[in-house]
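# based on what follows, work out the 3D shape:
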Amino acid sequence: MHISKIDVFKKLCGHPERIVWAVAQANGKRSICPLGAQMGASFKPPIIAICVSPRNFTHGLITASGEFVLSWPGESLAEATLFCGTKSGRDVDKFAETDITTRPGRYVKAPIIEQSIANLECRLAGQINSGDHTVFLGEIICVWTNKHPQKQLCLVGNEKGCRVLVKKGIYKIGVIK
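Coordinates of the predicted model:
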């Protein structure tokens, strides 16, 4: 993992349908919330938008800390993604229960994920209540990319060209072949 220019990140992770993780830490607690989408909201300054339900433990951590890491998991994190998406950080330590390797971020308290394709350290630039979710706007203050990126995880159905890696109930997580 090393610090990169944003163009390197965009080349590796520019598709909005891919799975991302919101990683947050506050008041001695930390958690991971897999999300089905993210989107660029501004080029200057670089701002990214994510949607998180207030029911999610990670929502409270983002609100309390005013920051988060947005992480792009690769195929080696398929099982961890399914686990983190089906368990609450209120009840389990998602980091202790998985093979996730972390390191401290440079500017935010939330850790970056070593196995991920990329990690963005973000400071909360705003938030909008949008029905049953909150849109968090994060100003990107540091970009990390992996020297050996894997294929990025997607929520998949029965599309041709996708390989399912893990499946539980309605959830199928895979990669594009």
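# alpha carbons only for contacts and neighbour counts from here, please
Noted.
# partners of A24 in the sheet?
Following DSSP bridges, A24 is listed with bridge partners S31.
# hang on, isn't it packed against F57?
No: using Cα atoms under 8 Å, A24 makes no contact with F57, being 9.5 Å away.
# so what sits against both of these two?
S31 (Cα atoms under 8 Å, 6 or more residues apart in numbering).
# excluding its backbone neighbours, what's nearest the residue most central in space within the chain?
The chain has W21 as the residue nearest its centroid, 1.7 Å off, counting by Cα atoms, centre = their mean. Nearest residue to W21, sequence neighbours excluded (Cα to Cα, 6 or more residues apart in numbering): P34, at 4.3 Å.
# what lies in contact with the helix or strand hosting that neighbour?
Assigned by DSSP states H and E, P34 belongs to strand 29-35. Applying Cα under 8 Å, 6+ apart, the external contacts of strand 29-35 come out as 19-25, 50-52, 56-58, 61, 81, 84-85, 89, 93-95, 110.
# list the ones among the residues you listed that fall in helices.
Using DSSP state H, the subset of these located in helices is F57, T58, L61, T81, C84, G85.
# how about the last one, nearest residue that isn't a chain neighbour?
Same thing as G85. Among residues not flanking G85 along the chain, P34 sits closest, at 5.5 Å (Cα to Cα, 6+ apart).
# show me where the chain has its helices.
Going by DSSP H, the chain shows helices at 6-13, 57-65, 78-86.
# contacting residues around L70?
The contact partners of L70, taken as Cα under 8 Å, 6+ apart, are V20, W21, A22, V23, N119, L120, E121, C122.
# kindly recompute the last result at 6 Å.
Applying Cα atoms under 6 Å, 6 or more residues apart in numbering to L70 gives the contacts W21, A22, N119, L120.
# what residues are bridge-paired with it?
Beta-bridge partners of L70, as defined by DSSP bridges: A22, L120.
# what ranges of the chain fall below the confidence cut-off?
For the chain, the stretches flagged by pLDDT under 70 are 10-11, 13-17.
# run the last query once more with 90
Where the chain drops to pLDDT under 90, the residues are 1-2, 5-18, 36-37, 99, 149, 154-164, 169-174, 176-177.
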